[in-house]
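S.K.: next one to model:
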Amino acid sequence: MKPLRVIVFSLTTAALLGATSLLAQEKKAPLSAPAVVTANVDGNDMTIKYSQPKIRDPKTNEPRKIWGGLVPYGKVWRTGADFATTLEIAKPIVIGGFTLAAGKYCLFTVPTEGAGSKLVINKELMGKDRKGNPRARWGIPYNEAAEKANELARLDMKRSKTSSNVDPFTITIKKTGAGAGEICFAWADAQYTIGFKNKG
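M.R.: Predicted coordinates:
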């Protein structure tokens, strides 16, 4: 049988290690919560995975100007935070006039203050970590010249005002008719939408 002081030391060490592990997990918690939105539009399963940044700065808690500020107009935006936003569809769709095959894709956006906003559909899902190992693609940076071969389409989106302030950033998929729907990207006082329909 171990002496009492050895047992106490072992228990104390285990408690400290456990507390350190919990603190490490808390530190690694993402500032922008991961989110998943799913929908079944007349037999077509759709899934969008993304992260939800908030209006307030996570470091200072100060409110930020979103559109034309944190998210610049006229430039490719990661459409959320952290890893690149992905869309997965079980069956082909026609989105913004473009036929998109069943599969998984990365979504980026080019927001504008008026007309001309774009949804960028990119086929490259993988990136590399700091050691050069493959991993799910990070949302930034986005080198437009280098990405040309990976881009499938840039599609028109409609910008409109939200009825109330949206926080955090939220993506929704809504059915609008038989085999048809709409994807909406909303944050703060504006939203960007694009329609789609099942093909065939």
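S.K.: helix or strand: which one has the residue nearest the centre of the chain?
M.R.: Taking C-alpha atoms, centre = their mean, the centroid of the chain lies closest to Tyr50, which sits 2.4 Å from it. Per DSSP states H and E, Tyr50 falls inside strand 44-52.
S.K.: pull the distance from whatever helix or strand comes next after that strand to the chain's centre.
M.R.: Remark: after strand 44-52, the chain's next helix or strand is strand 85-89, criterion DSSP H and E. Averaging C-alpha positions (C-alpha atoms, centre = their mean, to the nearest Å) puts strand 85-89 9 Å from its chain's average.
S.K.: now stretch 42-49
M.R.: For stretch 42-49, the distance to the chain centre is 16 Å (C-alpha atoms, centre = their mean).
S.K.: surely Pro58 and Pro30 touch.
M.R.: No - the criterion here is C-beta atoms under 8 Å, and Pro58 misses it with Pro30 at 9.7 Å. C-beta: built from backbone N, CA, C; applies to glycine.
S.K.: quick one, strands of the chain?
M.R.: In the chain, the strands defined using DSSP state E lie at 33-41, 44-52, 85-89, 93-95, 98-100, 103-110, 118-122, 126-128, 134-136, 151-156, 158-177, 180-198.
S.K.: go through the ones you listed and name the closest to Lys75.
M.R.: strand 103-110 (6.7 Å; C-beta to C-beta).
S.K.: compute the inter-axis angle for that closest one and strand 158-177.
M.R.: Put simply, strand 103-110 runs at 150 degrees to strand 158-177, going by axes from the mean of the first three to the mean of the last three C-alpha atoms, to 10 degrees.
S.K.: domain parsing for this protein?
M.R.: Listed by automatic domain parsing, the domain ranges of the chain are 1-30, 31-198.
S.K.: need the winner for burial among these.
M.R.: Comparing those by mean neighbour count (mean count of other C-beta atoms under 10 Å), domain 31-198 ranks first with a mean of 16.
S.K.: looking at the strands of the chain, spot the one closest to Pro72.
M.R.: That would be strand 103-110 among those, by C-beta to C-beta, at 9.7 Å.
S.K.: before we move on, back to that, dump the domains of the chain to CSV, plus mean pLDDT.
M.R.: Formatted as CSV, those follow (pLDDT from 0 to 100):
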stretch, mean pLDDT
domain 1-30, 49
domain 31-198, 96
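S.K.: quick one: the residue nearest to Ile55 when sequence neighbours are not counted from Tyr192, how far?
M.R.: Distances taken as C-beta to C-beta, 6 or more residues apart in numbering place Asp167 nearest to Ile55, at 4.7 Å, with adjacent residues excluded. Look at Asp167 and Tyr192: by C-beta to C-beta, to the nearest Å, they are 16 Å apart.
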